[in-house]
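1. I need the structure of the sequence given here:
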Amino acid sequence: MESNVRRSGLTLALAGLSGAAFFWLTDPRFGATRTAGREIIDRVNEAQIGTMVGMVGSAIVLLIGLWLMTRRAT
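-> So this is what the prediction gives:
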């Protein structure tokens, strides 16, 4: 049972990390889709809320995964 909980925690931690990486890479300010020009300001403003919600959600999933990995089975 303990290994199942730790495996689930590891899976959630990896999902949280990959989610954070996805939102970071697709954000126009930081990510791989950087372009120059005036349209970057509009793209940043449009994507800001979605990026923040995605990063917070990914952080929550990561923290739950880390908590599950440190938990002992009773």
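2. Could you verify my assumption that L12 touches L62?
-> Yes: here L12 reaches L62: they are 7.4 Å apart, a contact under CB atoms under 8 Å. Where you see a C-beta, it was placed from the backbone N, CA and C, and this is true even at glycine.
3. where do the helices sit along this protein?
-> Using DSSP state H, the helices of the chain run over 2-26, 39-70.
4. which residue is nearest the middle of the protein?
-> Nearest to the mean C-alpha position of the chain, by CA atoms, centre = their mean, lies A20 at 2.2 Å.
5. gap between it and R72?
-> Distance, A20 to R72, using CB to CB, to the nearest Å: 27 Å.
6. same deal with A59?
-> 24 Å.
7. swap in A21?
-> 30 Å.
8. More neighbours: which of the two?
-> Shown here are A21 and R72; by other CB atoms under 10 Å, A21 has more neighbours (12 against 7).
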